[in-house]
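S.K.: quick one, what's the 3D model for this:
(chains A and B, ligands or ions: 2)
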Amino acid sequence: MGMKYTEEDLKEELKTKEYEFGFTTDIESDRAPNGINEDIIRFISAKKEEPEWLLEYRLNALKVWQKMVEPEWAHVTYEKPKFQDISYYSAPKKKKELKSLDEVDPEILKTMARLGISLEEQKKLTGVAVDFVIDSVSVATSFKEKLGELGIIFCSFSEAVKEHPELVQKYLGTVVPTGDNFYAALNSAVFSDGSFCYIPKGVRCPMELSTYFRINDSGTGQFERTLVIADEGSYVSYLEGCTAPQRDENQLHAAVVELIALDNAEIKYSTVQNWYPGDKNGKGGVFNFVTKRGICYKNSKISWTQVETGSAITWKYPSCILKGDNSIGEFYSVAVTNNYQMADTGTKMIHIGKNTKSTIISKGISAGNSHNSYRGLVKIGKGATNARNFSQCDSLLMTDRCGAHTYPYIECENSTAQLEHEATTSKIGEDQVFYCKQRGISEERAISLIVNGYAKEVLNKLPMEFAVEAQKLLEISLENSVG
Amino acid sequence: MSKTIINIKNLHASVDGKAILKGINLEVKAGEVHAIMGPNGSGKSTLSSVLAGREEFEVTDGEVDYLGLDLLELEPEERAWEGLFLAFQYPVEIPGVSNMNFLKTALAEKAKHKGLEPVSSKDFLKLVKEKSQLVELSDKLKNRSVNEGFSGGEKKRNEIFQMAMLEPKLSILDETDSGLDIDALRIVANGVNTLKNAENATIVITHYQRLLDYIIPDFVHVLHDGKIIKTGDKTLALELEERGYDWLVKDLV
Ligand SMILES: Nc1ncnc2c1ncn2[C@@H]1O[C@H](COP(=O)(O)OP(=O)(O)O)[C@@H](O)[C@H]1O
Ligand SMILES: [Mg+2]
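M.R.: Numbering: from 1, shown residues only, chains lettered A, B, ... in the order given. Ligands and ions are numbered 1, 2, ... in the order given. Okay, the predicted model is just below:
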């Protein structure tokens, strides 16, 4: 196969080649045949008209991935995804291309409405730029011009590859290397699209940058790739939110998010995550295996804030590498599991520079028959003189059938480090619920009040309008959950 | 004749199969204050819990008419919307939920179910200002999480503040005086007396006569082993203070 691989070549090949999976689609298709191999990678890369270096990056990742073994965890059991039954690329039909946000799928509007935030409101919200990623391809972008005036780049990942290849090439894979883990390697090979953000030196991004993701096509794996670069002395607050409609099939989602905070820069990355968790009996639901990591250079700061209510399975550890002296890493998390959901989340704070500080506040809420695990690593390197960490991991149990597990790991190679760890587990009090009821507050409102109170420290870290949305999400996720 | 607020007939209740209330009869009319006294474990808190609708207590016999409604058929929150208020013996802490948010939610839910407009923020704040003065509750306490880190006395004052905000028709105060010093006791009693009118009624549960110096009861009932064994006027409380409960119990056998 020559280096210049065209769609024609592919078409030719498809006619003749050994497609074990009954591939008959013609090249006009906006959907890749199921399965993963070198040809599929070339198909994706060709479809996206990518430069050679990116194709090479993907092919290398495929080789790395093929040698890796899917990990196992103590408190997460599930039927492994069949990687050859997944289609790794699907674009929305051309006619679906949206000129305005009003043309967005009513399903999204419905979910938004239920969360109390209609798209129209969203659009009107001052200071919020919304970039939709529907089924792997960006179909709408707004506020771009205003951002452009400041030199801020906020676009889909594919667009960034075309318009700003030098930035993408310089930073892609520098925080999450290809071989980092099984799912990161898979993502590096097949990532479809995602978001790209660059804030130039000294610029304070004047609005929250926000992206809504959703899974659309049945049976389509989602492999988002996000890269946020805050140049020296800049600031950005970025929000990622997900809504997904109900479905029967398990769906794999393996995203990679890389954050780069250069000297004196600050990145706030907030996530409100609401993948379909499966029904009451644990059927269906999204598998969410995400690698999120940021690197902090001198005097910089990265804060991860997340409210997780979705997914059948969540495996996620937003982390910070505190490389530069005086850099700060923060992790604020609320993770809710209900019914048969399983979550294994936490963070890693890797202290390398001097006087580095990290804070971890994790609030787990388990309901139904679910399992909620916190897994955190605080690592203090040899050179990390005067490093400090404060960790607080709380668990709230809504029933007698659910489980909460906490695994805090500490590796300390510098004796000047100061580490504090606190942990609590409590059962939602029937006394508390009754007290509320006696005052005329119905059970559902009572639970929502109590849970939101419990999660307040984290919710307070979210931008205002998203905090409201997150509260509603907690309420919806925990409907009828005390027992 | 003033109307009946609550009429309890032959009320029996048990928990985990163990009978605790063994046939309570009690009628409370508008404008009245009833004191229920009795030794520890006699069933006073159980009676208040059953009236408020706590689920772990099973009503095994009897009936309760509350303002023409079958009280035992109502959910706890419905009882609250109908104006039944319980000042808890042990008020519960709700971390992260501000007192103000809690009360605003309570008032909004009640308005919603009564088909009324929710109270505006302005009116709400006015109400808070007025009612908190009644029990001398500081701004600091009003804005803290519900009962979190409150002293025993502050919790009790907060209960009476909530009662003032919700303007109940029937208030049941379960040992609101326990753990109060004399100043706090006076503040609480003053609050209760101010809220008292010809349309509402109060049941004061206590096992000290002390509170009844400040809140003058129309009737005093002695509860023993799940039954009211004696009813009298306020002088009964003084007699109990002097002689204890034993003489009453001896009379029974
Ligand atoms: N939840 C419960 N489970 C089991 N026994 C209870 C429970 N609540 C109360 N009791 C019992 O019922 C009796 C009456 O208790 P209570 O109503 O609290 O008395 P008082 O308030 O008069 O001190 C006591 O013997 C007590 O142990
Ligand atoms: Mg008691």
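
S.K.: show me which residues of the stretch 251-400 of chain A sit near chain B.
M.R.: Counting by Cβ under 8 Å from any Cβ of the partner chain, the stretch 251-400 of chain A comes close to chain B at no residue. (C-beta placed from N, C-alpha, C; glycine too.)

S.K.: and the residue of the stretch 251-400 of chain A nearest ligand 1?
M.R.: Relative to ligand 1, the nearest point of the stretch 251-400 of chain A is A:Asp400 (17.0 Å; Cβ to the nearest ligand atom).

S.K.: that residue: neighbour count?
M.R.: Neighbour count of A:Asp400, defined by other Cβ atoms under 10 Å in any protein chain shown: 7.

S.K.: that one belongs to a strand?
M.R.: No. In this structure, A:Asp400 is coil, not part of a strand, as judged by DSSP: H, G, I helix; E, B strand; the rest coil.

S.K.: pull up the gap between B:Ala52 and B:Ala87, please.
M.R.: To B:Ala87, B:Ala52 is 10 Å away according to Cβ to Cβ, to the nearest Å.

S.K.: and A:Thr345, by the same measure?
M.R.: Distance from A:Thr345 to B:Ala87, by Cβ to Cβ: 42 Å.

S.K.: do the same with A:Met464
M.R.: 36 Å.

S.K.: so between these two, which is more surrounded?
M.R.: Neighbours were tallied for A:Met464 and for B:Ala87 using other Cβ under 10 Å; the higher tally belongs to B:Ala87 (26 against 10).

S.K.: show the low-confidence segments of chain B, by residue range.
M.R.: Along chain B, the model assigns pLDDT under 70 to residues B:1, B:251-253.

S.K.: which residues does the residue most central in space within it form beta bridges with?
M.R.: Against the mean C-alpha coordinate of chain B, by Cα atoms, centre = their mean, the closest residue is B:Ile172 at 1.6 Å. B:Ile172 forms beta bridges with B:Leu86, B:Ile203, as assigned by DSSP bridges.

S.K.: could you list every residue that touches it?
M.R.: B:Ile172 is in contact with B:48, B:51-52, B:84-87, B:202-203, B:205, counting by Cβ atoms under 8 Å, 6 or more residues apart in numbering or on different chains.

S.K.: so which residues on chain B come close to chain A?
M.R.: Residues of chain B lying close to chain A by Cβ under 8 Å from any Cβ are B:52-55, B:75-77, B:79-81, B:85-86, B:88, B:91-97, B:101-103, B:105-107, B:109-110, B:113, B:145, B:162, B:166.

S.K.: please convert the buried members of these into PyMOL selection syntax.
M.R.: In PyMOL, a selection of the buried entries from these looks like this (16 or more other Cβ atoms under 10 Å in any protein chain shown):
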select buried, chain B and resi 52+53+54+76+77+79+80+81+85+86+88+91+92+93+94+96+97+101+102+103+105+106+107+109+110+145+162+166
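
S.K.: mind listing which of the residues of chain B next to chain A are in strands?
M.R.: Per DSSP state E, strands hold the following members of those: B:85-86, B:94-97, B:145.

S.K.: export these to TSV and append columns for distance to ligand 1.
M.R.: Shown next, in TSV, are these (distance: Cβ to the nearest ligand atom, whole Å):
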residue	distance to ligand 1
B:Phe85	18
B:Leu86	13
B:Ile94	21
B:Pro95	23
B:Gly96	27
B:Val97	25
B:Ser145	26
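
S.K.: ok, residues contacting the helix or strand where B:Lys126 lies?
M.R.: For B:Lys126, the element it lies in under DSSP states H and E is helix B:121-134. Helix B:121-134 is contacted from outside by B:100, B:103-104, B:107, B:119, B:139, B:142, B:160-161, B:164-165, B:190-191, B:194-195, using Cβ under 8 Å, 6+ apart.

S.K.: surely A:Ile44 touches A:Tyr89?
M.R.: Yes. A:Ile44 is within contact range of A:Tyr89, at 4.7 Å (criterion: Cβ atoms under 8 Å).

S.K.: between the two, which one's more packed in?
M.R.: More crowded of A:Ile44 and A:Tyr89, by other Cβ under 10 Å: A:Tyr89, with 26 against 22.

S.K.: distance check, the nearest residue to the more buried one once chain neighbours are set aside against A:Ala46.
M.R.: Closest residue to A:Tyr89 apart from its sequence neighbours, by Cβ to Cβ, 6 or more residues apart in numbering or on different chains: A:Ala32 at 3.8 Å. Computed as Cβ to Cβ, the A:Ala32 to A:Ala46 distance reads 11 Å.

S.K.: A:Pro408 now?
M.R.: 46 Å.

S.K.: shared neighbours, A:Ile44 and A:Tyr89?
M.R.: A:32, A:190, A:192.

S.K.: buried ones among the residues you listed?
M.R.: A:32, A:190, A:192.

S.K.: just the closest of the shared contacts of A:Ile44 and A:Tyr89 to ligand 2, please.
M.R.: Taking Cβ to the ion as the measure, ligand 2 sits nearest to A:Ser192 out of the shared contacts of A:Ile44 and A:Tyr89, at 63.5 Å.

S.K.: so how far is ligand 2 from the residue of the stretch 251-400 of chain A closest to ligand 1?
M.R.: Distance, A:Asp400 to ligand 2, using Cβ to the ion, to the nearest Å: 27 Å.

S.K.: same check, this time on A:Gly453
M.R.: Separation of A:Gly453 from ligand 2 (Cβ to the ion) stands at 27 Å.

S.K.: model confidence for that residue, exactly?
M.R.: A:Gly453 is assigned 91 on the pLDDT scale.

S.K.: I figured it was touching B:Arg144, is that so?
M.R.: No. Counting by Cβ under 8 Å, A:Gly453 sits too far from B:Arg144 to count as a contact (11.8 Å).

S.K.: now the residue in the stretch 51-200 of chain B positioned nearest to chain A: how far from B:Leu137?
M.R.: Per Cβ to the nearest Cβ, B:Gly96 is where the stretch 51-200 of chain B lies closest to chain A, at 2.9 Å. Per Cβ to Cβ, B:Gly96 is found 20 Å from B:Leu137.

S.K.: count the neighbours of the nearest residue in space to B:Pro39 that is not next to it in sequence for me.
M.R.: With Cβ to Cβ, 6+ apart as the criterion, B:Pro39 has its nearest non-adjacent residue at 5.4 Å, and that residue is B:Tyr245. Using other Cβ under 10 Å, the number of residues around B:Tyr245 comes to 18.
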